[in-house]
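1. give me the fold of what follows.
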Amino acid sequence: MEDEKYNIKAVARCLKILDLLGASDLPLNINDVCAALDMNINMAFRMLSTLVSAGYVVKDEKTGLYSNSLKTLQLSRNALLSLNIRKYAMPYMELLWNQYSKANINLALLYEGDVLVIDRLDSICTPRTYFTPGKTSPFHCTALGKILTCELDEVELDKIIVKKGLKAFTQKTITDPVLLKVELAKVRAEHLSRDRAEYIPQDNCIAVPIRNQEGKIIAAVSLTAFESYMTVEEIEETIPALRNTAQRISFIAGYQNGIA
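-> Next up, the predicted model:
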């Protein structure tokens with residue numbers, strides 16, 4: 001591509017290291033970085049040392065392990081705050097949460113084939129949060145992921161399936177591409193998606209789309225709760241209120257064609 005001639009390779013490598021560390025649940029050693037990015041150990045050491053000096057990466061001197069620093073968290077926080085949808089969605093999410101405070105209310109986007117949670121209101125029942133803002137989760141076994149991908153064309157969907165895979169997280173996870181497409185067709189017809197303990201055991205979720213002026217799905221809002229706090233039947237009863245929330249947010253985003 002024309003723009004590639006202006007790329008600075010050292011900067012690109014440093015950014016790849018930040019992406020790698022950010023995607024890992026655990027700190028990485030220099031050999032992990034070399035293996036993942038096909039980089040020799042001298043180059044990896046120089047890149048990591050530069051990032052440590054700049055404050056974007058921290059090194060545990062005892063173990064030799066590297067991880068992203070809080071400085072990168074500040075960058076992600078600023079990026080999240082810059083998303084306009086968060087500004088006008090939160091008041092409606094709060095109204096929904098006031099009705100169903102035993103549930104968690106989530107706002108998410110599709111980002112590089114994953115579900116990226118950009119805001120969340122936690123249930124009063126439990127302090128344990130699985131979908132903190134900035135965290136990503138798989139598209140195929142979450143209600144948010146299903147609604148965000150249900151209107152993608154088949155070619156684009158297949159690319160995501162190949163890239164991300166269909167890993168089984170529970171016994172209820174859909175891991176067959178054909179069955180997943182059947183599920184997404186149902187979601188597309190109903191404008192509503194469900195996750196019945198497909199990602200986290202005993203955790204049930206419903207999600208609806210948020211659309212822009214062109215009618216394109218740009219985000220989704222969901223309501224989720226553990227079975228010990230809300231039954232599946234109780235979650236189903238929240239559907240009208242959840243739809244109303246998404247419709248209000250979509251209206252502000254420019255969508256004026258009825259059901260979101």
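
2. strand partners (parallel or antiparallel) of the helix or strand harbouring Lys59?
-> Assigning secondary structure by DSSP states H and E places Lys59 in strand 57-60. Strand pairing for strand 57-60, using DSSP bridges, gives strand 65-68 (antiparallel).

3. do you have the strands of the chain handy? List them.
-> Applying DSSP state E to the chain gives strands spanning 57-60, 65-68, 104-111, 114-121, 136-138, 193-196, 203-211, 217-226.

4. reformat those as TSV; add distance to Tyr92.
-> Just so you know, the C-beta spots here come from the backbone N, C-alpha and C atoms, and that holds for glycine as well. What follows is those, written out as TSV (distance: least, Cβ to Cβ, whole Å):
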stretch	distance to Tyr92
strand 57-60	38
strand 65-68	32
strand 104-111	9
strand 114-121	11
strand 136-138	22
strand 193-196	19
strand 203-211	10
strand 217-226	8
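
5. for Ala168, find the nearest of the ones you listed.
-> strand 136-138 (10.4 Å; Cβ to Cβ).

6. what's in contact with that closest one?
-> With Cβ atoms under 8 Å, 6 or more residues apart in numbering as the test, strand 136-138 has contacts from 111, 114-117, 130-131, 144-145, 164, 167, 169, 199.

7. quick one: strands adjacent to it?
-> Each strand paired with strand 136-138, and its direction, by DSSP bridges: strand 114-121 (antiparallel).

8. what angle separates the partner strand from strand 104-111?
-> If you take axes from the mean of the first three to the mean of the last three Cα atoms, to 10 degrees, strand 114-121 sits at 150 degrees to strand 104-111.

9. follow-up on the earlier one: Glu233: which of the strands of the chain is closest?
-> By Cβ to Cβ (comparing all of the strands of the chain), the closest turns out to be strand 203-211, at 10.3 Å.

10. quick one: list the elements packing against that closest one.
-> The contact analysis (3 or more Cβ pairs under 8 Å, 6 or more residues apart in numbering; DSSP states H and E) places strand 203-211 against helix 143-149, strand 193-196, strand 217-226, helix 232-236, helix 239-252.

11. buried residues in stretch 237-253?
-> Residues 238, 242-243, 245-251, 253 are the ones in stretch 237-253 that count as buried (16 or more other Cβ atoms under 10 Å).

12. my error: substitute stretch 96-116 in the last question.
-> Quick answer for stretch 96-116 (16+ other Cβ under 10 Å): 96-97, 100, 102-110, 113-116.

13. can you give me the end-to-end distance of it?
-> End-to-end distance of stretch 96-116 (Cα to Cα, to the nearest Å): 21 Å.

14. before we move on, what about stretch 93-106?
-> End-to-end distance (Cα to Cα), stretch 93-106: 8 Å.

15. just stretch 142-159 next, same as before
-> Using Cα to Cα, the two ends of stretch 142-159 sit 18 Å apart.

16. show residues contacting it.
-> Here stretch 142-159 has contacts from 106, 108-110, 113-115, 117, 137-140, 160, 177, 181, 183-185, 187-188, 192-195, 198-199, 205-209, 216-217, 219-220, 222, 224, using Cβ under 8 Å, 6+ apart.

17. do stretch 230-240 as well
-> 99-100, 102-103, 192, 196, 204-206, 223, 225.

18. of these, which is the nearest to Asp38?
-> Cys205 (37.9 Å).

19. what about that closest one, how many neighbours?
-> Per other Cβ atoms under 10 Å, the neighbour tally for Cys205 reads 25.

20. ok, it to Arg188 distance?
-> As for Cys205, its distance to Arg188 is 18 Å (criterion: Cβ to Cβ, to the nearest Å).

21. next: Leu180.
-> 12 Å.

22. of those two, who's got more company?
-> Using other Cβ under 10 Å, the more surrounded residue of Leu180 and Arg188 is Leu180, with 20 against 17.

23. for Phe45, see how far away that one is.
-> Separation of Leu180 from Phe45 (Cβ to Cβ): 42 Å.

24. any stretches of the stretch 1-150 of the chain with poor pLDDT?
-> Applying pLDDT under 70 to the stretch 1-150 of the chain flags residues 1-7, 73-83, 126-132.
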